[in-house]
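Engineer: sharing a model that was predicted from the sequence below.
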Amino acid sequence: MITTAVTAIIVFGLLVFFHELGHFSVAKIVGIKVHEFAIGMGPKILKYTKGETDYSVRILPIGGYVKMEGEDEVSNDSRSFSKKTVGQRIAVIFAGPLMNFILAIVLFVIIFYNIAGVPTTTIQEVIDQSPAEAAGLLREDKIITINDDEVKDWDHLVQEINTSKGEPLKIGFIRDNKKIEKVVAPESVENEDRFMIGIIPTTEKSMSLAIKGSYGQTRMIIREMGGFFRRLVTRQATTAEVVGPVGIISLVGQASRDGLYNVLFLAALISINLGIVNLLPIPALDGSRILFLIFELFRGKPVDPEKEAFVHMIGLALLMLLMIIITYKDILTFIQG
């Protein structure tokens with residue numbers, strides 16, 4: 001139990017670390033003075049100072065931050081955040097979420113090349129009572145076309161099935177060196193914004209396939225996240241499906257009991273989620289800061305730093321309140337099993 005919890009906290013901490021490392025690295029590259037690089041919140045449990053920067057690990061594993069000169073206050077220092085060009089500042093802010101996406105791709109490469117392999121369009125198994133079984137698809141059939149268009153890879157196949165919204169598809173496949181075509185009607189997956197025909201793909205291992213599959217997997221998860229936010233806006237999904245740091249740590253802990261594959265896959269999934277959520281135009285998040293900078297670019301002059309800081313402070317307070325509510329829900333879920 002303790003080992004599982006420690007593993008979960010370390011994984012979540014590493015995801016936060018890489019996000020903040022993105023901000024920190026680009027800030028250093030463009031010459032911004034960085035006062036602190038912190039992982040976690042609350043009182044410090046570890047501290048190390050090198051040059052002008054304090055590096056710290058804090059007691060609560062619920063986030064992190066990079067404190068830059070002149071980011072939220074007026075500063076005349078030539079190395080302050082506010083003295084850099086709009087493009088440089090956008091690069092610094094965007095680097096955090098970008099690092100999350102890069103990390104996810106790297107994790108998927110590790111999974112696909114060393115552990116699971118990359119899914120192909122050749123069928124390994126047809127699920128009982130599925131649309132694929134009803135249409136007559138069999139094990140070892142290699143799907144090559146949908147509605148007469150070439151199927152490039154597994155992710156392309158999944159995308160076409162989802163895009164169909166349940167409309168019948170003419171699927172072409174190779175069986176015994178002959179091309180056969182069948183009409184398959186995808187069915188919706190309960191409580192999810194996607195469709196399936198009921199097949200499990202075979203997998204192959206190679207670095208080129210792993211890299212290609214990693215990009216495809218990342219794109220697919222981003223699309224699914226976009227679908228989730230659309231369902232939230234249209235009230236087809238609820239905030240009950242949202243988890244906070246405690247819920248994430250609990251999920252990683254459960255995955256760690258099921259093996260390395262599940263831990264790495266969940267870590268990649270969470271990393272993508274962190275990247276997307278941070279790009280939302282919500283005050284205190286990276287997306288909001290980028291929005292202010294784009295506004296400055298068109299306006300020709302910056303928003304008053306103190307006024308912007310006030311907006312972010314209000315946003316942070318609301319986010320912390322939301323975090324408390326979600327954490328309370330996560331703890332209740334954890335206690336109730």
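Structural biologist: Perfect, thanks for sending it.
Engineer: going by C-alpha atoms from here, please, whenever you check contacts or count neighbours.
Structural biologist: Fine.
Engineer: now do the helices in this protein.
Structural biologist: With DSSP state H as the criterion, the chain has helices at 2-29, 86-110, 131-135, 154-163, 207-233, 245-257, 260-278, 286-299, 305-336.
Engineer: could those helices go into a markdown table alongside mean pLDDT?
Structural biologist: Below are these laid out as a markdown table (pLDDT from 0 to 100):
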| stretch | mean pLDDT |
| --- | --- |
| helix 2-29 | 86 |
| helix 86-110 | 95 |
| helix 131-135 | 93 |
| helix 154-163 | 88 |
| helix 207-233 | 80 |
| helix 245-257 | 57 |
| helix 260-278 | 85 |
| helix 286-299 | 90 |
| helix 305-336 | 66 |
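Engineer: so which of these is the most packed in?
Structural biologist: Among those, the stretch with the highest mean neighbour count (mean count of other Cα atoms under 10 Å) is helix 86-110, at a mean of 22.
Engineer: what's next to that one, contact-wise?
Structural biologist: The contact list for helix 86-110 (Cα atoms under 8 Å, 6 or more residues apart in numbering) reads 15, 18-24, 26-27, 30, 81-82, 207, 210-211, 213-215, 217-218, 264-265, 267-269, 271-272, 274-276, 278-279, 286, 289-290, 293-294, 296-297.
Engineer: quick one, it and helix 207-233 angle?
Structural biologist: If you take axes from the mean of the first three to the mean of the last three Cα atoms, to 10 degrees, helix 86-110 sits at 120 degrees to helix 207-233.
Engineer: the inter-axis angle of helix 86-110 versus helix 2-29?
Structural biologist: On the basis of the same axes, to 10 degrees, helix 86-110 is oriented at 140 degrees to helix 2-29.
Engineer: how far off helix 260-278 does helix 86-110 point, in degrees?
Structural biologist: With the same axes, to 10 degrees as the basis, helix 86-110 and helix 260-278 are set at 160 degrees to each other.
Engineer: got the angle for helix 86-110 vs helix 286-299?
Structural biologist: Relative orientation of helix 86-110 and helix 286-299, computed by the same axes, to 10 degrees: 150 degrees.
Engineer: ok, the most centrally placed residue in the chain to residue 184 distance?
Structural biologist: Nearest to the mean C-alpha position of the chain, by Cα atoms, centre = their mean, lies residue 272 at 1.0 Å. Relative to residue 184, residue 272 is positioned 32 Å away (Cα to Cα, to the nearest Å).
Engineer: check residue 20 too.
Structural biologist: Residue 20 is 46 Å from residue 184, by Cα to Cα.
Engineer: repeat that for residue 124.
Structural biologist: Taking Cα to Cα as the measure, residue 124 falls 18 Å from residue 184.
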